[in-house]
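Asker: Any chance you could fold what I've pasted below:
(chains A and B)
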Protein chains: 2
Amino acid sequence: MATTSRNEKYIISPNPTTTNLKRIVRGVDHRGENNEIAVIEERPLTIFLNRQEIVTAMTIGDYPEYLALGFLSNQHMLESYRDVCGVDYDDELEIVVVRTISQTTYEEKLKKKIKTSGCAVGTVFGDIMEGLENLTLSHSPLHISWLYELSVKINKTPSLYLEAGAIHGTVLCYQNHPLVYMEDVGRHNAVDKVAGWMLKHNETPEDKLLYTTGRLTSEMVIKTATMGIPILISRSGFTAWGVEIAKQVGMTLIGRLRGKRFFCLSGEKRLIRDIKT
Amino acid sequence: MATTSRNEKYIISPNPTTTNLKRIVRGVDHRGENNEIAVIEERPLTIFLNRQEIVTAMTIGDYPEYLALGFLSNQHMLESYRDVCGVDYDDELEIVVVRTISQTTYEEKLKKKIKTSGCAVGTVFGDIMEGLENLTLSHSPLHISWLYELSVKINKTPSLYLEAGAIHGTVLCYQNHPLVYMEDVGRHNAVDKVAGWMLKHNETPEDKLLYTTGRLTSEMVIKTATMGIPILISRSGFTAWGVEIAKQVGMTLIGRLRGKRFFCLSGEKRLIRDIKT
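Answerer: Below you'll find the predicted structure:
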């Protein structure tokens, strides 16, 4: 996909006016007056890989296909969109089924995993770390001016966050252009939806950067690395393990981005100081 | 436990000076100057129930015993501390084993895994609404003056949050007295640690209220209800399902508590307007 002629338009931007992503709830305020406020939806969505139930995610419910594809891809259960022969979403049953051409290997592997570890979280996590051992992230530069421009553009974009709060956002960016802006009650879902979009559209990760409103935890750094994106930016803070993994894989990690201020705790070499700060 | 003669002292308060809960990390700031900042620790802790591996939580690492007891209790895998014959924590292996007198298997339950919208890998097992069908929460009152006093006291308490950010807090309170203040990278861990403390010390939930810095999602409301606490307060926002479950179980849900402002979206009947707002 050519990325040199981006304009300012998002490919996907938030849907703050979509009625089924938020609900008007009645209550009382501090003065005892009846009041209505907009509240974010949160629904279960169970992801299947072929006949195997994988996980139930709590999500706002938009882009179930991207969420399922991205989750499976970030869990190393799906390598390429070419392996996918169909994705079926059932709104009423709240399930999404990803069907692959060759079914047996993954299902067997997954069954084994669940049986051996009892509950998969630890095992899946261990496997994700394994996948990062030989990872090399590209040396694409990060102009400091992009950081500031992205921050302003993203914060001014109409979103469910501005409308109702209590939601996280993740934005795939190219240079100073935000491209795909996903929101969700869980920040891991927002990043998985971006991953699903990238998988389906065969987007190159090497020249991209990822912006998140959430904290830079181990999970966020691992997902970003698994997606092959070399730069992760947040207005929120860090965890020590997040920083450690970023250093290990050579990722540039920028946190506490507020106004002109930020901290870079890993991968400083990509920073290009093109403006005075 | 008698709760009428509380003084202003916490039973447990945060440990912002404890060195193994945060780390000083070197990096560069926006001006390109070398700088050191305090960053929260995040480590895996694998919880075992007898011989069964249950889950790996990502946690700051304090109070592993309370975290394990509280997680298992909130998952309906442990009913009373009388069932527990030992809790072993291995710092090096990063595991905690809860041993019970009568051994039960949760193989079937563990197969159904739900990833919550919470931060830092929240996981619940089995039917998310289990145990809530016949729940009756007590009718204890909530004075509005308590809300304001708790908010000021909690926000002024020295904490890892004030020290390093990127962390959530949950506080068990009685009237206007904060009693047990737990912090963690995942808000679900912070509330589980409170639950573990309550289980071990056989604390009564009926006259308590729970304060959290995190959002009022389905997971937080369900955990609070499972603990038998009738009132949940947050300075953050709501999700629609969180509100729905709170209404269903008759819980008082206060969100967006900032200064004198707040919204009550469920259980208004407990509010006592003892001061002018």
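Asker: Residue A:81: neighbouring residues, count only.
Answerer: 15 (other CB atoms under 10 Å in any protein chain shown). Any C-beta I mention is one placed from the backbone N, CA and C, and that applies to glycine too.
Asker: so where is chain A shaky, pLDDT-wise?
Answerer: Along chain A, the model assigns pLDDT under 70 to residues A:1-8, A:103-128, A:130.
Asker: centroid residue for it?
Answerer: By CA atoms, centre = their mean, the mean C-alpha position of chain A lies nearest to residue A:191, the distance being 0.5 Å.
Asker: and that one, what element?
Answerer: According to DSSP states H and E, residue A:191 maps onto helix A:187-200.
Asker: Which other helices and strands does the helix or strand following that helix contact?
Answerer: As assigned by DSSP H and E, the chain's next helix or strand after helix A:187-200 is strand A:208-212. Packed against strand A:208-212, as judged by 3 or more CB pairs under 8 Å, 6 or more residues apart in numbering or on different chains; DSSP states H and E, are the following elements: helix A:144-156, strand A:168-174, helix A:187-200, strand A:231-234.
Asker: Give me the angle between the third one and strand A:168-174.
Answerer: When you say that, I think you mean helix A:187-200. If you take axes from the mean of the first three to the mean of the last three CA atoms, to 10 degrees, helix A:187-200 sits at 30 degrees to strand A:168-174.
Asker: Could you give me the buried positions within helix A:187-200?
Answerer: When burial is assessed from 16 or more other CB atoms under 10 Å in any protein chain shown, helix A:187-200 yields the following buried residues: A:187-200.
Asker: distance of the residue nearest to the centre of chain A from chain B?
Answerer: Residue A:191 is 12 Å from chain B, where distance means CB to the nearest CB, to the nearest Å.
Asker: Okay, and the beta partners of the nearest residue to that residue once chain neighbours are set aside?
Answerer: Distance criterion CB to CB, 6 or more residues apart in numbering or on different chains; nearest residue to residue A:191, sequence neighbours excluded, is residue A:170 at 4.6 Å. Here residue A:170 sits in beta bridges with residue A:182, residue A:212, going by DSSP bridges.
Asker: residues contacting residue A:170?
Answerer: With contact set as CB atoms under 8 Å, 6 or more residues apart in numbering or on different chains, residue A:170 has these partners: A:181-183, A:187, A:190-191, A:193-194, A:210-214.
Asker: rewinding a little: so how far is the helix holding residue A:191 from its chain's centroid?
Answerer: Centroid separation between helix A:187-200 and its chain, computed with CA atoms, centre = their mean, to the nearest Å, is 5 Å.
Asker: quick check: angle from that helix to strand A:208-212?
Answerer: When the same axes, to 10 degrees is applied, the directions of helix A:187-200 and strand A:208-212 differ by 160 degrees.
Asker: name the helices or strands packed onto helix A:187-200?
Answerer: Helix A:187-200 sits against strand A:52-59, helix A:64-74, strand A:168-174, strand A:177-184, strand A:208-212, helix A:218-226, with contacts defined as 3+ CB pairs under 8 Å, 6+ apart.
Asker: Please find the angle between the direction vectors of it and strand A:52-59.
Answerer: Angle between the axes of helix A:187-200 and strand A:52-59 is 120 degrees (criterion: the same axes, to 10 degrees).
Asker: Dump the C-alpha coordinates for helix A:187-200 into PDB.
Answerer: Output of helix A:187-200 as PDB, limited to C-alpha atoms (Å, rounded to 0.1, in the frame of the first residue of the first chain):
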ATOM      1  CA  ARG A 187      -7.400  -0.600  25.100                       C
ATOM      2  CA  HIS A 188      -6.300  -4.100  24.100                       C
ATOM      3  CA  ASN A 189      -9.400  -4.400  21.900                       C
ATOM      4  CA  ALA A 190      -8.700  -1.000  20.300                       C
ATOM      5  CA  VAL A 191      -5.200  -2.100  19.300                       C
ATOM      6  CA  ASP A 192      -6.500  -5.600  18.200                       C
ATOM      7  CA  LYS A 193      -9.000  -3.800  15.900                       C
ATOM      8  CA  VAL A 194      -6.100  -1.800  14.300                       C
ATOM      9  CA  ALA A 195      -4.200  -5.100  13.900                       C
ATOM     10  CA  GLY A 196      -7.200  -6.700  12.300                       C
ATOM     11  CA  TRP A 197      -7.500  -3.900   9.900                       C
ATOM     12  CA  MET A 198      -3.800  -4.100   9.000                       C
ATOM     13  CA  LEU A 199      -4.000  -7.800   8.500                       C
ATOM     14  CA  LYS A 200      -7.000  -7.600   6.200                       C
END
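Asker: Who are the contact partners of the closest residue to residue A:149 other than its chain neighbours?
Answerer: Leaving out its chain neighbours, the residue that sits closest to residue A:149 by CB to CB, 6+ apart is residue A:176, at 4.2 Å. Neighbouring residues of residue A:176 by CB under 8 Å, 6+ apart: A:143, A:145-146, A:149-150, A:153.
Asker: Tabulate the helices and strands packed on helix A:187-200 (CSV), appending distance to residue A:139.
Answerer: Formatted as CSV, the helices and strands packed on helix A:187-200 follow (distance: least, CB to CB, whole Å):
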stretch, distance to residue A:139
strand A:52-59, 34
helix A:64-74, 23
strand A:168-174, 16
strand A:177-184, 20
strand A:208-212, 13
helix A:218-226, 15
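Asker: re the thing from before, out of the contacts of residue A:170, which one sits closest to residue A:28?
Answerer: residue A:183 (27.8 Å; CB to CB).
Asker: Mind putting the helices and strands packed on strand A:208-212 into CSV with distance to residue A:41?
Answerer: Putting those into CSV (distance: least, CB to CB, whole Å) gives the following:
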stretch, distance to residue A:41
helix A:144-156, 22
strand A:168-174, 14
helix A:187-200, 13
strand A:231-234, 24
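Asker: And these: which comes nearest residue A:27?
Answerer: Closest to residue A:27 of the helices and strands packed on strand A:208-212 is strand A:168-174 (CB to CB; 23.4 Å).
Asker: Could I get the CA-only coordinates of that closest one as CSV?
Answerer: Presented in CSV, the C-alpha positions along strand A:168-174 are these (Å, rounded to 0.1, in the frame of the first residue of the first chain):
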residue,chain,number,x,y,z
HIS,A,168,-9.6,4.1,25.1
GLY,A,169,-8.3,5.0,21.7
THR,A,170,-5.6,3.6,19.5
VAL,A,171,-4.5,5.3,16.3
LEU,A,172,-2.4,3.9,13.5
CYS,A,173,-0.4,6.7,12.0
TYR,A,174,2.0,7.4,9.1
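Asker: Excluding covalently adjacent residues, which one is nearest to residue A:258?
Answerer: residue A:235 (6.0 Å).
Asker: neighbours around that neighbour, how many?
Answerer: Neighbour count of residue A:235, defined by other CB under 10 Å: 19.
Asker: list the contacts for it?
Answerer: Residue A:235 makes contact with A:151, A:213, A:255-258, according to CB under 8 Å, 6+ apart.
Asker: Am I right that residue A:248 is in a strand?
Answerer: No: per DSSP: H, G, I helix; E, B strand; the rest coil, residue A:248 lies outside any strand segment and is helix.
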